[in-house]
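**Q** whatever this is, show me its structure:
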Amino acid sequence: MSSLRKLLQETDPLRHEAPRLDVERERIRRRILGAVPIDRPTSSARVRLRIAATFMMVAIGVAALSYLAWVHGTTPLQAAVRFEVRLAEERPIPGPVVAEVADTGRLIYLYPETVVTNDDIAQSWVSNSGSDRFEVAVQFLPSGAARMQQATSSPIGRPMAILIDGHIAMAPVVRSPISDSAVITGDYTRSEAESIADGILGR
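**A** Below you'll find the model as predicted:
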């Protein structure tokens, strides 16, 4: 405690001056403190500060809403039906796995790599294939169409599997390169075809 008191005494700006009365010492201190300008905002300055703060809060709110809209706008919807296209073989070779085409008993050998998925589809719709049976048509985005064309340019005469929720809905033999669209045929009712078409796009 004594060392703190001594330190404070040594830092007193009036310590080395001639002794003064307490009243005079107080008057000098008040004069020194009064000489330090303290900017107090005027009423108009306070109004400007409030307006600036309000605009800042609005700007922050708009930025936050814009960010949320951007995030939700660019996040793909979760599709209710998983759509995939994969290349396949008719005979077993190293790599592909055996799989059955739905409702046919036909076996094909499926490559694990996907050519296109739900994210590559621009549109899907239902069309009538006759006799109260329906099929699902899909239109690919440009990037998906390019991958489809590249993938189907060489395996002419070999199957291409279309999978719905992991099951092979059909496996047509590739006769010519496929690019911008495909048709999923099957023994579908209108309701089943509409569920697939809507589910592919997450509608």
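**Q** pull out the buried positions in the strand ranked longest in the chain.
**A** Using DSSP state E, we find that the single longest strand of the chain is strand 121-130. By neighbour count with 16 or more other Cβ atoms under 10 Å, strand 121-130 contains the buried residues Ile121, Ser124, Val126. Bear in mind the C-beta positions are built from the backbone N, C-alpha and C, glycine included.
**Q** number of residues surrounding Glu135?
**A** 20 (other Cβ atoms under 10 Å).
**Q** is it true that it touches Ala182?
**A** No - between Glu135 and Ala182 there is no contact under Cβ atoms under 8 Å: 10.4 Å.
**Q** please report how far Ala151 lies from Arg175.
**A** 14 Å (Cβ to Cβ, to the nearest Å).
**Q** ok, the two, which is more surrounded?
**A** Taking other Cβ under 10 Å, Ala151 and Arg175 do not tie; Ala151 has more neighbours (21 against 9).
**Q** any chance of the buried residues of strand 121-130 in CSV, plus distance to Ala102 and pLDDT?
**A** Shown next, in CSV, are these (distance: Cβ to Cβ, whole Å; pLDDT from 0 to 100):
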residue, distance to Ala102, pLDDT
Ile121, 20, 94
Ser124, 19, 93
Val126, 18, 94
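**Q** which one of these sits closest to Ala169?
**A** Ser124 (13.3 Å; Cβ to Cβ).
**Q** hmm, Phe140 and the closest one touching each other?
**A** No - if you go by Cβ under 8 Å, Ser124 and Phe140 don't touch, sitting 10.3 Å apart.
**Q** how about the secondary structure of Thr185?
**A** Under DSSP: H, G, I helix; E, B strand; the rest coil, Thr185 falls in the strand class.
**Q** now do the contacts for the nearest residue to it once chain neighbours are set aside.
**A** Of all residues not flanking Thr185 in the chain, Glu135 sits nearest, at 4.6 Å (Cβ to Cβ, 6 or more residues apart in numbering). When contacts are counted by Cβ atoms under 8 Å, 6 or more residues apart in numbering, Glu135 touches Val126, Ser127, Asn128, Ser129, Val183, Ile184, Thr185, Gly186, Tyr188, Ala193.
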